[in-house]
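In: my questions are about this predicted structure, shown below with the sequence.
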Amino acid sequence: MSYMDPIVDKIVIARVGLLLRHPFFGNMATRMKLVDASDWLATAATDFRNFYYNREFFEKMTPRQVEFVVAHEILHCVYDHMGRREGRDPQIFNIAADYCVNGLLKRERIGDDPPVKFFHDRKYDGWSAEQVYDEIYNKYDEEELKQLGEMLDEHLDPEGDGKDGQPKHSKEDLRKIRDEIKEAMIQAANAAGAGNVPGDIARMIKEMTEPKMNWRELLRQQIQSTVKNDYSFSRPSRKSQMSGAILPGCNFDTSIDICVGIDMSGSIGDDQAMDFMSEIKGIMQEFKDFQIKVWCFDTRVYNEQDFDGYSADDIEEYEVMGGGGTEFDCNWEYMKENDIVPKKFIMFTDGYPWGSWGDEDYCDTIFIIHGNDTIVPPFGAHAYYEAPVRK
């Protein structure tokens, strides 16, 4: 007679239950190898390839409660919480991610509530982990957070040192795991069928599978639409004035045609800021006669400066400012307060606002999103910035 480990048996039963009732989650769950990690883990954890469990923790739960915990781990993989923490406080970001994950599980009625006070508040439905983090980081101290709930799992350090038996991954391995997760999501959604994938995840998968327009081509088309078709003799730029030639150029309206907002919130790193500035210079080089208003923002607008074909070289001296939270709305408030109505507003961002994305009725908006190709703005045109390879 074969012997089945009762804890493994319980997790397997939970995975079968997910396959029957929530096939997307069940299909994702069966891809993970079950690993007893009781010697270093107090609850549960995953790197998507393996599902790590503590025997005592799972012994206390019913199979339906285990369904909740298994689906909880899957969502951390789907939303790439392991790779999005960046420089944030690890414990607080883990709590923020749990609020997002547990909220979806409750809305979708997946499994039964585990026998612990886990982090859940309907207030955070629809929020990103970054948005929740910003709120709870500023609102609660460590002791107050302990009163709000308990962690259902341990969020692994994406580049941990393998201490105490915990998994260790190289950057290349993490990249492969992210690719495996995306492929698994698409396959699991196809297996589950229409209507059996939560809306948020279905939108992510749609964005993964639909062809994306090259972001530079999108910018070119959108900016070109603000240019008049007639020509006039335009003021020469400093780069060409020494030639003595006066050349015809596109005739722009006298009003500001393009505004560019650079997201300089705390989640933006130096490399991203450098990328954003490089692309603004690229716009100026491609469109010789222009009027561009540039500013930075976090929760308010900083360092607004105007550039045209004559002053384009001054962009080299532009100083980026910011470093606080992220309020996309401050851009629209600033434009309204200063009577700025651009033909196009271009925002370079990592796509994590605190709250609203802005006023979709005020002006045409283009979001160029850096670092995450799963985010879809609720309005405006958008494309995903492909960063240059840095050694």
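Out: That came in fine, so what should we check first?

In: where in this structure is the helix or strand with the lowest mean pLDDT?
Out: For the chain, counting by mean pLDDT, DSSP states H and E, strand 231-233 ranks last in confidence among helices and strands (a mean of 39).

In: find the nearest non-adjacent residue to the most centrally placed residue in the chain, please.
Out: Centroid check for the chain by C-alpha atoms, centre = their mean gives residue 372 as the closest residue, at 4.8 Å. Closest residue in space to residue 372, ignoring its immediate chain neighbours: residue 351 at 5.6 Å, by C-beta to C-beta, 6 or more residues apart in numbering. No exception for glycine: its C-beta is placed from N, CA and C like everyone else's.

In: show me what counts as buried in the longest helix seen in the chain.
Out: Determined from DSSP state H, the single longest helix within the chain is helix 171-192. Residues of helix 171-192 classed as buried by neighbour count (16 or more other C-beta atoms under 10 Å): 177, 181, 182, 184, 185, 188, 189, 192.

In: just flag the most distant two among those residues.
Out: Within these, 177 and 192 form the most distant pair, 21.6 Å apart (C-beta to C-beta).

In: mind listing the helices for the stretch 1-150 of the chain?
Out: With DSSP state H, counting those that start in this stretch as the criterion, the stretch 1-150 of the chain has helices at 6-21, 23-29, 55-59, 63-78, 81-84, 90-107, 129-139, 142-148.

In: could those be laid out in TSV, adding distance to residue 293?
Out: Shown next, in TSV, are the helices of the stretch 1-150 of the chain (distance: least, C-beta to C-beta, whole Å):
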stretch	distance to residue 293
helix 6-21	52
helix 23-29	45
helix 55-59	56
helix 63-78	39
helix 81-84	31
helix 90-107	34
helix 129-139	27
helix 142-148	42
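
In: re earlier: mind checking how far the longest helix of the chain is from the chain centre?
Out: Going by C-alpha atoms, centre = their mean, to the nearest Å, the spacing between the C-alpha centre of helix 171-192 and its chain's C-alpha centre is 17 Å.

In: and it, what does it pack onto?
Out: helix 23-29, helix 63-78, helix 81-84, helix 199-209 (3 or more C-beta pairs under 8 Å, 6 or more residues apart in numbering; DSSP states H and E).

In: got a markdown table for those helices, with mean neighbour count and mean pLDDT too?
Out: Output for these, formatted as a markdown table (neighbours: other C-beta atoms under 10 Å; pLDDT from 0 to 100):
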| stretch | mean neighbour count | mean pLDDT |
| --- | --- | --- |
| helix 23-29 | 25 | 96 |
| helix 63-78 | 24 | 97 |
| helix 81-84 | 19 | 84 |
| helix 199-209 | 16 | 82 |
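
In: dump those to a markdown table, plus distance to residue 100.
Out: Formatted as a markdown table, the helices and strands packed on helix 171-192 follow (distance: least, C-beta to C-beta, whole Å):
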| stretch | distance to residue 100 |
| --- | --- |
| helix 23-29 | 16 |
| helix 63-78 | 8 |
| helix 81-84 | 8 |
| helix 199-209 | 10 |
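
In: indicate which one of the ones you listed is closest to residue 150.
Out: Ranking the helices and strands packed on helix 171-192 by proximity to residue 150 (C-beta to C-beta) places helix 63-78 first, at 12.4 Å.

In: helix 6-21 and that closest one, what's the angle between them?
Out: With axes from the mean of the first three to the mean of the last three C-alpha atoms, to 10 degrees applied, the angle from helix 63-78 to helix 6-21 works out at 70 degrees.

In: and helix 63-78, what does it pack against?
Out: If contacts are counted by 3+ C-beta pairs under 8 Å, 6+ apart, helix 63-78 sits against helix 6-21, helix 23-29, strand 44-46, helix 90-107, helix 171-192.

In: what about 6 Å?
Out: Secondary-structure packing of helix 63-78 (3 or more C-beta pairs under 6 Å, 6 or more residues apart in numbering; DSSP states H and E): helix 6-21, helix 23-29, helix 90-107.

In: what comes into contact with it?
Out: 10-11, 13-14, 17-18, 25, 28-29, 44, 46, 48, 101, 105, 110-112, 114, 152, 181 (C-beta atoms under 6 Å, 6 or more residues apart in numbering).

In: and those, which are buried?
Out: 10-11, 14, 17-18, 25, 28-29, 44, 46, 48, 101, 105, 110-111, 114, 152, 181.

In: what about stretch 380-391, average pLDDT?
Out: For stretch 380-391, mean pLDDT is 66.

In: kindly report the same for stretch 180-194.
Out: If you average the pLDDT over stretch 180-194, you get 91.

In: let's see that stretch as CSV, backbone CA atoms only.
Out: Provided in CSV are the C-alpha atoms of stretch 180-194 (Å, rounded to 0.1, in the frame of the first residue of the first chain):
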residue,chain,number,x,y,z
GLU,A,180,7.7,31.4,-17.7
ILE,A,181,4.9,33.1,-15.7
LYS,A,182,3.7,35.1,-18.7
GLU,A,183,3.7,32.0,-20.8
ALA,A,184,1.9,30.1,-18.1
MET,A,185,-0.7,32.8,-17.7
ILE,A,186,-1.6,32.8,-21.4
GLN,A,187,-1.8,29.0,-21.4
ALA,A,188,-3.9,28.9,-18.2
ALA,A,189,-6.3,31.5,-19.5
ASN,A,190,-6.8,29.5,-22.8
ALA,A,191,-7.4,26.3,-20.8
ALA,A,192,-9.8,28.0,-18.4
GLY,A,193,-11.9,29.5,-21.2
ALA,A,194,-13.7,32.8,-21.6
